[in-house]
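Q: Sequence and predicted structure below; questions after.
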Amino acid sequence: AGPAAMRRLAMGGGKNPLALGVPYSAVEYRCGTTRRRRTRGVLEILCAIGLVVGWFHCGEVGNKMLPGEVGVLRAGLTQTFHRIRGGSHNRVELGGIPKEIADDYSEYEHYNSVLNSFKLYQNHMEEEISRRNRSYHKLSSVHKGYLPQGAQSLPSKLNVLKKLIRANKIFLDNTVEGLRPRTVKCGSPYVAEILSSAHPNATLSNATNCATVEPPGETSLPENIDKVVGTLHLLARDWSWKGEAERNQSYGAILQELLKRKPVTSENRNRQKVLIPGVGLARLMFDCCMLGYNTEGNEFSYQLLLATNFILNGGLRKEQFAIFPWIDNPSNHITSASMMEPFWIPDVDMAEMIQTAKDKSTSCNPPMMSMTGGEFVKIYSKPRQTEQWDAVISCFFLDAAPNPIEYIETIYQLLKPGGIWINFGPLTYHWQTGSVEDDSRFGETLELTLEEILHVSSNIGFRCVNGPFWQECTYASSATSMQPTFYNATIFTLQK
């Protein structure tokens, strides 16, 4: 793939030119207990995992500088990549297949499943519309007569919903435009034959020089479709003006505390390093960078990584896309209009905000922002990360850990002496219920109370400098929903 393909990938199909430096990075990652070190091009890995780093001005990649014009948002790559599906769960062990190739198959099968989930969104949603339509036609004529008629009738409403589904599909198609399914490079045709025979639905390409197998990717995994639907909800929260009130409940409180504890001055602008694990769609990261912090986000979800890539690197105009995030569920809506409410994204002019941040900075310390994809502990427990960060801010993150003590230990290790950790969110532990057969982490989950969290943090070496306080907040909910997702979240600040 040449520069044109790279540009399409980085810009999400946009027409604006993008200055790109394409260095090669040494990439280290783990497959269970196996560690490999390879040299790969930026394009290959970016395609493989949807990992994007937005660089402002000239961003350092590994030990190389990205050349280019000042103020252009770039696609780049951090030095470390860890498998999204890494660890001992979801393994593929095949007789006669090298373990690293089996791992590649498992990883790429998941990635291809994620791509399929974006592409199959419309089919999934229209099946629900068909179900509702069938239910309507089973009604007696008397019951049909009780319902609104004409343009307000249920059949008319379902036809409008089909159009809104297609509008969402346009956005999702743009999100994954240019991303192709991944194929496993097997080396020898013999290995490829064994791998493909073990997976009859896989596509074998037995070329002499490069035998490959393309995993089909699951097309019916409900959790993948649910994550695409959830991504639309989070886009409304993070990147629309209608989500601002909800963002202020959490992001606003975090950034206010960060500015108080680590104020930005003309001397330290863009020098204080802030890490945001579980960054989601990266709005908190973007806002933090615009305030004058050197910011890095970390995210595990492929769906969110791909959507973040498109939002930050897609060259989007302000309010370029309309999405309709609440049409997936007909329950708990007061009116049809509230269910069909449009959200225009993104709500900011990226180029204008970047220019404003540049104007406040010196040429020696331009605004910097980056992202890593993968599991938080595996990436940031490396010795090279020790005491490299001035602050860690986490939002709706701590309860995503199977063992929150590991997260707290890692955060403590990351921080410089005097560094702070600001945490916001509830303790709705994600791994509390589930089958160990699906994922080994369901058997490792540890649910701690807030009191125990603070006790553990103190024993590790933190001291509490603020809170805990309580903040009522919603999370990715329609403002007019009859059943919003509501939390009485906590916010606290700990110092190393």
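A: Structure received.
Q: Going along the chain, name the helices of the stretch 201-350 of the chain.
A: 222-239, 244-247, 253-261, 283-291, 302-313, 336-339, 350-359 (DSSP state H, counting those that start in this stretch).
Q: Report pLDDT for the nearest residue to Gly150 once chain neighbours are set aside.
A: In space, and not counting its chain neighbours, Gly150 is closest to Ser156: 7.3 Å by C-beta to C-beta, 6 or more residues apart in numbering. C-beta coordinates here come from the backbone N, C-alpha and C atoms, glycine included. Ser156 is assigned 94 on the pLDDT scale.
Q: ok, so what distance separates Ser156 from Asn332?
A: 22 Å (C-beta to C-beta, to the nearest Å).
Q: what residue ranges in the protein score low on pLDDT?
A: Applying pLDDT under 70 to the chain flags residues 1-99, 101, 184, 186-221, 434-443.
Q: if we go to 50?
A: Within the chain, the stretches with pLDDT under 50 are 1-94.
Q: Can you list the buried residues in stretch 225-238?
A: 225, 227-238 (16 or more other C-beta atoms under 10 Å).
Q: To which secondary structure element is the residue nearest to Gly150 assigned?
A: Per DSSP states H and E, Ser156 falls inside helix 154-175.
Q: Would you mind getting the angle between that helix and helix 222-239?
A: For helix 154-175 against helix 222-239, the angle by axes from the mean of the first three to the mean of the last three C-alpha atoms, to 10 degrees is 80 degrees.
Q: Extract the C-alpha set from helix 154-175 and format it as CSV.
A: Extracted in CSV, the C-alpha atoms of helix 154-175 (Å, rounded to 0.1, in the frame of the first residue of the first chain):
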residue,chain,number,x,y,z
LEU,A,154,-46.5,3.2,13.3
PRO,A,155,-45.7,2.0,9.7
SER,A,156,-44.7,5.6,8.8
LYS,A,157,-42.6,5.8,11.9
LEU,A,158,-40.8,2.5,11.1
ASN,A,159,-40.1,3.8,7.6
VAL,A,160,-38.5,6.9,9.1
LEU,A,161,-36.4,4.7,11.4
LYS,A,162,-35.1,2.8,8.4
LYS,A,163,-33.8,6.1,6.9
LEU,A,164,-32.1,7.0,10.2
ILE,A,165,-30.5,3.6,10.4
ARG,A,166,-29.1,4.3,6.9
ALA,A,167,-27.8,7.6,8.1
ASN,A,168,-26.0,5.9,11.0
LYS,A,169,-24.6,3.4,8.5
ILE,A,170,-23.1,6.1,6.4
PHE,A,171,-21.1,7.4,9.4
LEU,A,172,-20.0,3.8,10.4
ASP,A,173,-19.0,3.1,6.8
ASN,A,174,-16.8,6.2,6.8
THR,A,175,-15.3,5.1,10.1
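Q: Distance check, the closest residue to Phe376 other than its chain neighbours against Pro342.
A: Sequence neighbours aside, Pro277 is the residue nearest to Phe376 in space, at 4.6 Å (criterion: C-beta to C-beta, 6+ apart). Here the criterion is C-beta to C-beta. By it, Pro277 lies 32 Å from Pro342.
Q: again, but for Arg261
A: 38 Å.
Q: now do Gln495
A: Gln495 is 44 Å from Pro342, by C-beta to C-beta.
Q: got a list of what the spatially most central residue of the chain touches?
A: The residue lying closest to the centre of the chain (C-alpha atoms, centre = their mean) is Leu304, at 2.5 Å. Leu304 sits next to Thr231, Leu234, Gly280, Leu281 when contact means C-beta atoms under 8 Å, 6 or more residues apart in numbering.
Q: How about the contacts made by the closest residue in space to Glu244 that isn't next to it in sequence?
A: Leaving out its chain neighbours, the residue that sits closest to Glu244 by C-beta to C-beta, 6+ apart is Asp347, at 7.5 Å. Counting by C-beta under 8 Å, 6+ apart, Asp347 touches Trp239, Ser240, Trp241, Gly243, Glu244, Lys318, Glu319.
Q: Now for the closest residue to Cys288 other than its chain neighbours: which residues touch it?
A: Leaving out its chain neighbours, the residue that sits closest to Cys288 by C-beta to C-beta, 6+ apart is Thr295, at 4.6 Å. Thr295 makes contacts with Lys273, Val274, Leu275, Ile276, Met285, Cys288, Cys289, Met368, Met369, Ser370, as judged by C-beta under 8 Å, 6+ apart.
Q: The first one: neighbour count?
A: It stands for Lys273. 19 (other C-beta atoms under 10 Å).
Q: hey, what's it bridged with?
A: On the basis of DSSP bridges, Lys273 is bridged to Asn294.
Q: For it, give me its contacts.
A: Applying C-beta under 8 Å, 6+ apart, one finds that Lys273 lies in contact with Tyr293, Asn294, Thr295, Glu296, Gln388, Trp389, Asp390, Ala391.
Q: Serialize these to JSON lines and add fields for distance to Gly374.
A: Shown next, in JSON lines, are these (distance: C-beta to C-beta, whole Å):
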{"residue": "Tyr293", "distance to Gly374": "22"}
{"residue": "Asn294", "distance to Gly374": "20"}
{"residue": "Thr295", "distance to Gly374": "18"}
{"residue": "Glu296", "distance to Gly374": "13"}
{"residue": "Gln388", "distance to Gly374": "17"}
{"residue": "Trp389", "distance to Gly374": "17"}
{"residue": "Asp390", "distance to Gly374": "22"}
{"residue": "Ala391", "distance to Gly374": "21"}
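Q: Give me the buried subset of those.
A: The buried subset of these (16+ other C-beta under 10 Å) comprises Tyr293, Asn294, Thr295, Glu296, Trp389, Asp390, Ala391.
Q: which among those residues gets closest to Val142?
A: Thr295 (61.2 Å; C-beta to C-beta).
Q: Report whether the expected contact of Phe469 with Asn488 is present.
A: No - the pair Phe469 / Asn488 is not scored as a contact, 10.9 Å apart, by C-beta atoms under 8 Å.
Q: Looking at the two now, which is surrounded by more residues?
A: Set Phe469 next to Asn488 and count neighbours by other C-beta under 10 Å: Phe469 wins out with 13 against 9.
Q: three-state assignment of that one?
A: strand (DSSP: H, G, I helix; E, B strand; the rest coil).
Q: same question, Pro484
A: Strictly by three-state DSSP, Pro484 counts as coil.
Q: Chain neighbours aside, what residue packs nearest to it?
A: Ser477 (3.8 Å).
Q: before we move on, which element is the one you found in?
A: Going by DSSP H and E, Ser477 is not in any helix or strand.
Q: If I follow the layout properly, it ends up in contact with Ser338?
A: No - assessed by C-beta under 8 Å, Ser477 is found out of contact with Ser338, at 11.8 Å.
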